[in-house]
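A.B. asks: got a predicted structure here, sequence first:
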Amino acid sequence: MNSDLLSDKIRALKLPRPLTVESGTSVREVIRKVQQHGAGYVLVTSANRLVGIMTERDVLMKVVARDVDYDEAVDLFMTRDPRTMTPDDSIGEAISLMNRAGFRNIPIIDPESGAAIALFRIQDVIDYLAEAYPEKVLNLPPMPHQLLATPEGA
């Protein structure tokens, strides 16, 4: 594994296939599918192209907080045309975009077809850091300001 995390390509993360639904799917079905898969999001596609994303935050702010008919289409509540990246973009670029724009998720698309192929999440960065730098991560003190006398944390 490369030690230069920021220049590594997103493809180095080996992200799983994303959870997707077709445009026009009911909010009820979207929520059922998200619960069934234990996901915090769903990517919305039309003719195999990404058209939107609906996150847990969207459900809370746009659906639960309002008197919404759960049989309405997800399209009314999703974030349309979300900012995307490709597997060849760097992890550093993705982190920078997340930081600048306040994103928690970035859909990864195939640059040729526009198909959603993955979702880059904050958790993926944390997992990657833990794998790339296990000694540093495993030896972190329970409180960031705490100084440890030994490198083992004992």
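C.D. replies: All right, it came through fine.

A.B. asks: drop to CA atoms for contacts and neighbour counts, all remaining ones
C.D. replies: OK.

A.B. asks: tell me the buried residues in stretch 4-23?
C.D. replies: Neighbour counts over stretch 4-23 (16 or more other C-alpha atoms under 10 Å) mark 5, 8, 9, 10, 15, 18, 19, 20, 21, 22, 23 as buried.

A.B. asks: wait, the second one touches residue 91, no?
C.D. replies: Yes - when contacts are counted by C-alpha atoms under 8 Å, residue 8 is listed as touching residue 91 (5.9 Å).

A.B. asks: how much space between the closest residue to residue 90 other than its chain neighbours and residue 15?
C.D. replies: Residue nearest to residue 90 in three dimensions, not counting chain neighbours: residue 9, with 4.2 Å by C-alpha to C-alpha, 6 or more residues apart in numbering. Counting by C-alpha to C-alpha, to the nearest Å, the separation of residue 9 from residue 15 is 12 Å.

A.B. asks: which parts of the protein are helices?
C.D. replies: Listed from the start of the chain, the chain has helices (DSSP state H) covering 27-37, 56-58, 91-101, 122-132, 134-138.

A.B. asks: how about a markdown table for those helices, with distance to residue 73, mean pLDDT and mean neighbour count added?
C.D. replies: A markdown table is the format used below for the helices of the chain (distance: least, C-alpha to C-alpha, whole Å; pLDDT from 0 to 100; neighbours: other C-alpha atoms under 10 Å):
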| stretch | distance to residue 73 | mean pLDDT | mean neighbour count |
| --- | --- | --- | --- |
| helix 27-37 | 6 | 93 | 16 |
| helix 56-58 | 14 | 86 | 14 |
| helix 91-101 | 27 | 93 | 16 |
| helix 122-132 | 28 | 82 | 14 |
| helix 134-138 | 43 | 71 | 12 |
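
A.B. asks: which of the ones you listed sits closest to residue 112?
C.D. replies: Nearest to residue 112, of all the helices of the chain, is helix 91-101, at 19.4 Å by C-alpha to C-alpha.

A.B. asks: okay, that closest one in PDB with CA atoms only?
C.D. replies: This file holds the C-alpha atoms of helix 91-101, laid out as PDB (Å, rounded to 0.1, in the frame of the first residue of the first chain):
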ATOM      1  CA  ILE A  91      -8.200  10.500  -2.200                       C
ATOM      2  CA  GLY A  92      -6.800  13.900  -1.400                       C
ATOM      3  CA  GLU A  93      -9.100  15.600  -3.900                       C
ATOM      4  CA  ALA A  94     -12.100  13.800  -2.500                       C
ATOM      5  CA  ILE A  95     -11.200  14.800   1.100                       C
ATOM      6  CA  SER A  96     -10.600  18.400   0.000                       C
ATOM      7  CA  LEU A  97     -14.000  18.500  -1.700                       C
ATOM      8  CA  MET A  98     -15.700  17.000   1.300                       C
ATOM      9  CA  ASN A  99     -14.000  19.600   3.500                       C
ATOM     10  CA  ARG A 100     -14.800  22.600   1.300                       C
ATOM     11  CA  ALA A 101     -18.400  21.700   0.500                       C
END
